[in-house]
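Asks: Quick one: sequence and predicted model below, then my questions.
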Amino acid sequence: MAKGLRQASEMMRKVDLVIEARDARVPFSAINREFERIIGSKPRLIVYNKADLIHFSAVKKITTAFKERLNQDVIFMSTKKDKHIYYFLDTIKDMAKTQKIPQSNLTLMMVGMPNVGKSSLINSMRALGMRRSKALKTGANPGVTRSIQNRVKILQNPETYFIDTPGGIRDDAADPEIMADYLLYHTKLKLPYATDNILDFLTILGKRIGALRTGGYVDITAAASHFIHKYREGFFGRILLDDVSEEGVNRFVEEYNAPQSLSNRQARMAARNNSNSI
Ligand SMILES: Nc1nc2c(ncn2[C@@H]2O[C@H](COP(=O)(O)OP(=O)(O)OP(=O)(O)O)[C@@H](O)[C@H]2O)c(=O)[nH]1
């Protein structure tokens with residue numbers, strides 16, 4: 001993660017407009033404030049992808065919360081819908097005009113957590129913008145967008161390029177069983193067997209999918225990874241994991257506006273500055 005963020009930060013100088021991609025199913029809890037620090041004062045467009053996996057009524061609530069409470073414009077889309085991609089391309093063109101970005105050689109950068117659909121977004125934009133085929137590999141497993149890729153042209157007029165970046169947390173950063181427990185709790189899945197105990201659930205699931213170790217023991221981690229994978233693919237249908245009620249929005253805004261704790265690097269720099277000034 002740190003390496004990806006550092007690379008993104010170094011490339012920021014060459015970038016005219018940053019697209020911050022987020023997952024519509026976790027509109028509040030998956031915001032990575034580190035991206036904001038890196039983006040700084042560059043023009044930014046926040047896009048919530050996978051909007052097809054939440055209900056439209058939630059889209060309105062979230063958009064209103066961001067506009068009215070944080071004065072931020074966010075757009076929702078799905079890479080599976082061509083009309084969303086066209087709208088997105090138009091929004092980029094409009095932003096370039098209003099931000100007075102030179103209209104030739106427009107350079108965009110996409111940042112976002114793993115698996116939010118960054119590569120899919122770029123591929124769809126390129127496919128429709130240039131009427132060309134796939135440029136970047138996509139996948140249901142996070143981490144496919146691993147290294148800084150070459151520029152990808154997505155529009156001829158104005159000539160527009162994307163620099164694709166990593167900047168995500170690998171899956172192994174989070175314990176699959178803890179993630180699965182969180183998902184099971186929030187998704188309130190209607191399970192064919194009565195349990196809300198994560199271990200019972202994963203044991204039954206592991207047996208069903210044949211995730212067994214020698215001796216016939218269920219591989220709980222493999223079962224948890226399978227469950228998370230299915231969730232990412234949208235297998236459980238439309239699921240919003242954050243609370244977007246009035247109280248939920250209030251809590252989110254309060255946390256968002258609270259002073260940010262320093263990153264390790266910033267803390268080291270602050271300590272060094274303090275010791276220099278003594
Ligand atoms: N339902 C749905 N799935 C999507 C959408 N966009 C992308 N996906 C799926 O999400 C998964 C991840 O997409 P990628 O484009 O590889 O995501 P990424 O952000 O580039 O992933 P990393 O390489 O991990 O950084 C794939 O299985 C896509 O098919 C969308 O709008 N709706």
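Replies: Thanks, I have the structure now. Residues are numbered from 1 along each chain as shown.

Asks: quick one: Leu205 from the ligand, how far?
Replies: 20 Å (C-beta to the nearest ligand atom, to the nearest Å). No exception for glycine: its C-beta is placed from N, CA and C like everyone else's.

Asks: To clarify, my last question referred to Leu121.
Replies: For Leu121 relative to the ligand (C-beta to the nearest ligand atom), the value is 7 Å.

Asks: Val18 looks like it's in a strand, true?
Replies: Yes: assessed with DSSP: H, G, I helix; E, B strand; the rest coil, Val18 lies in a strand.

Asks: give me the beta-bridge partners of it?
Replies: Arg44, Met109 (DSSP bridges).

Asks: May I have the residues that are in contact with it?
Replies: By C-beta atoms under 8 Å, 6 or more residues apart in numbering, the residues touching Val18 are 12, 39, 42-45, 108-111.

Asks: Of those, which is the most crowded?
Replies: Comparing the contacts of Val18 on neighbour count, Val111 comes out first with 28 neighbours (neighbours: other C-beta atoms under 10 Å).

Asks: and the host helix or strand of that one, what other elements does it pack with?
Replies: Secondary structure from DSSP states H and E places Val111 in strand 106-112. The contact analysis (3 or more C-beta pairs under 8 Å, 6 or more residues apart in numbering; DSSP states H and E) places strand 106-112 against helix 2-11, strand 17-23, helix 33-39, helix 118-130, strand 160-164.

Asks: rewinding a little: now the contacts of Val18 in CSV, with distance to Val26?
Replies: Shown next, in CSV, are the contacts of Val18 (distance: C-beta to C-beta, whole Å):
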residue, distance to Val26
Met12, 25
Ile39, 20
Lys42, 24
Pro43, 24
Arg44, 19
Leu45, 19
Leu108, 24
Met109, 22
Met110, 18
Val111, 16
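
Asks: Asp175: which of these is nearest?
Replies: Taking C-beta to C-beta as the measure, Asp175 lies nearest Val111 of those, at 24.9 Å.

Asks: From what I see, that closest one and Ile38 are in contact.
Replies: Yes: between Val111 and Ile38 there is a contact under C-beta atoms under 8 Å: 7.2 Å.

Asks: Can you pull the residues that touch both of these two?
Replies: With C-beta under 8 Å, 6+ apart as the test, Val111 and Ile38 both reach Ala8.
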